[in-house]
Each structure stands twice: as C-alpha cells, then as structure tokens.
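In: fold the following for me, if possible:
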Amino acid sequence: MLIKNLIVGPLEENCFIVADEGTKETMVIDPGDEPDRIIDAIREGNLKVKYIICTHTHFDHVGAVSDVRNETGAKIVIHKDDLEIYNAARDQAALWGYELEPLPEPDMFVDEGDKLQIGNLRFEVLHTPGHSPGGICLYGEDTIFTGDTLFAGAVGRTDFYGGDMGKLKRSFSRLISLPPDTKIFAGHGPSSTIKEEKESNFFIEEIE
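Out: Numbering: from 1, shown residues only. Just a heads-up that it's a prediction; the model follows:
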C-alpha cells in the first residue's frame with residue numbers, strides 16, 4: 001500500500017492519496033485544496049483514481065473535489081447524512097473568507113459496513129458522526145483514516161452545524177477499541193496509533 005500525504009490549504013488539511021502499488025488503483029481521501037499538487041502527484045505516480053472519498057464535507061475537505069474529478073473521472077463518495085453540508089460548502093467557505101468552485105453531485109453514498117476496494121486493498125466504512133452527521137472513517141490494512149473525528153491527541157470540534165458531542169463520544173469510544181497497532185491518519189495534524197491515543201488523548205477522560 002502506498003500512502004502519500006499532501007497538506008493542503010490554509011487550514012493545513014491532510015489529503016491522502018492511497019494506492020495499491022501493484023495495480024495503481026487509487027483512492028483520494030479529502031482533496032481539500034491545491035488541486036494542482038494533488039493532480040501532479042496522481043500523474044507522477046501514474047495512478048488510476050477510482051474513488052474521491054470525503055470523510056466529511058466541510059469546505060476544507062472538499063475544495064479540490066471538482067478539479068480532481070474532472071482530471072480523473074473518479075466517483076465522488078460521501079455519506080448521505082453529510083449531503084446538506086456538502087451542498088452548502090460554498091456558503092461555508094465564504095463565511096471563512098474563501099472561494100469554492102461549485103461541487104459536482106456525489107456519485108455514491110456509503111454507510112456503515114460498506115466496503116471500498118482499490119486493487120487488492122479493502123477498506124470498511126465506519127459511520128462516525130459527531131464532528132458532522134455523516135462523518136466516516138475508512139478502516140483496513142491495519143490502518144484507519146479518521147477525518148476530523150479523531151486526531152493525534154484530540155478530537156474534532158462539535159460547534160459547527162450538525163455537530164453532536166454525544167455522538168462524538170460514542171464514535172471516539174468505538175475507534176479506540178480498535179486493535180492498538182492500528183495506524184491513524186487524521187484530517188489534520190500528524191499520524192498516530194490507537195495505542196498512543198488510548199494513552200495520551202485528552203478526550204479519554206470525557207468518556208470514562
């Protein structure tokens with residue numbers, strides 16, 4: 001498995017390009033900004049993008065969706081509970097002083113337990129609401145992509161529209177019950193492991 005992390009945009013969001021090294025089949029997770037850099041990385045790796053997956057649809061995670069879709073023809077994948085936020089992403093960006101291109105309609109809605117496969121790599125969709133209603137994580141290959149549900153040492157905020165602290169606590173509890181060696185790739189900040197988060201994440205105290 002090849003994982004390339006591009007830190008994009010003024011909010012330093014993590015866009016992940018994940019590929020099966022043998023087949024070059026690829027998913028792009030959270031292309032939030034700087035589409036030229038993302039597209040250059042795809043071209044340099046001669047990658048075949050199958051999915052553009054949004055772990056949630058706040059503007060800083062979807063800003064480059066249109067350009068990556070136009071370049072690759074890949075399917076745009078979100079959870080249906082985030083469709084309202086997806087459709088309002090341009091307005092949300094404007095409130096923060098940023099301009100966002102119109103977003104294409106999603107091609108696929110995924111939900112709890114669905115599987116997404118690229119080459120020989122398979123990832124399970126975990127529905128993890130709290131930061132947003134349709135937040136998802138992608139779990140497979142001893143790895144989890146957590147979006148803004150779980151960070152190294154922290155969790156996503158719940159004061160945006162659709163945020164819910166009770167749901168975030170349940171989602172967090174579920175994630176930290178995964179095998180301790182599971183590698184975490186979050187929507188912002190450095191990577192971590194489930195073991196490290198069990199030992200050091202401040203939010204542990206909120207669920208005990």
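
In: please make it C-alpha for all contacts and neighbour counts, starting now.
Out: Fine.

In: nearest spatial neighbour of T143, chain-adjacent residues omitted?
Out: Excluding the flanking residues, the one nearest T143 by CA to CA, 6 or more residues apart in numbering is K183, at 4.6 Å.

In: ok, now E25?
Out: K48 (4.8 Å).

In: and that neighbour, how close does it get to R37?
Out: According to CA to CA, to the nearest Å, K48 stands 16 Å off from R37.

In: try D148
Out: For D148, the distance to R37 (CA to CA) stands at 22 Å.

In: of those two, give the one with the bigger neighbour count.
Out: Between D148 and R37, counted using other CA atoms under 10 Å, the more crowded position is D148 (25 against 13).

In: let me know the pLDDT of the more buried one.
Out: The score at D148 is 98. That number is its pLDDT.

In: ok, it - contacts?
Out: T55, H56, H131, G135, V155, G156, A186, G187, H188 (CA atoms under 8 Å, 6 or more residues apart in numbering).

In: what's the neighbour count on the nearest residue to Y86 once chain neighbours are set aside?
Out: The shortest distance from Y86 to any non-neighbouring residue, by CA to CA, 6+ apart, is to T57 (5.0 Å). Neighbours of T57 under the rule other CA under 10 Å: 27.

In: T57 against D81, yeah?
Out: No. Judged on CA atoms under 8 Å, T57 makes no contact with D81 at a distance of 10.0 Å.

In: A93 in helix, strand or coil?
Out: helix (DSSP: H, G, I helix; E, B strand; the rest coil).

In: buried set for stretch 2-22?
Out: 4, 6-9, 13-21 (16 or more other CA atoms under 10 Å).

In: correct me, but the residue nearest to T143 touches S191?
Out: Yes. K183 lies in contact with S191 (CA under 8 Å); the separation is 7.3 Å.

In: neighbour count for those two, which is higher?
Out: With other CA under 10 Å as the criterion, K183 and S191 differ in neighbour count, and K183 comes out ahead with 20 against 13.

In: for the more buried one, give me phi and psi.
Out: Backbone torsions of K183, given as degrees, to the nearest 10, read phi -80, psi 130.

In: please apply the same query to the one 3 residues further on.
Out: Main-chain dihedrals, A186, degrees, to the nearest 10: phi -100, psi 170.

In: what about E84, how many neighbours?
Out: By other CA under 10 Å, the burial measure for E84, its neighbour count, is 13.
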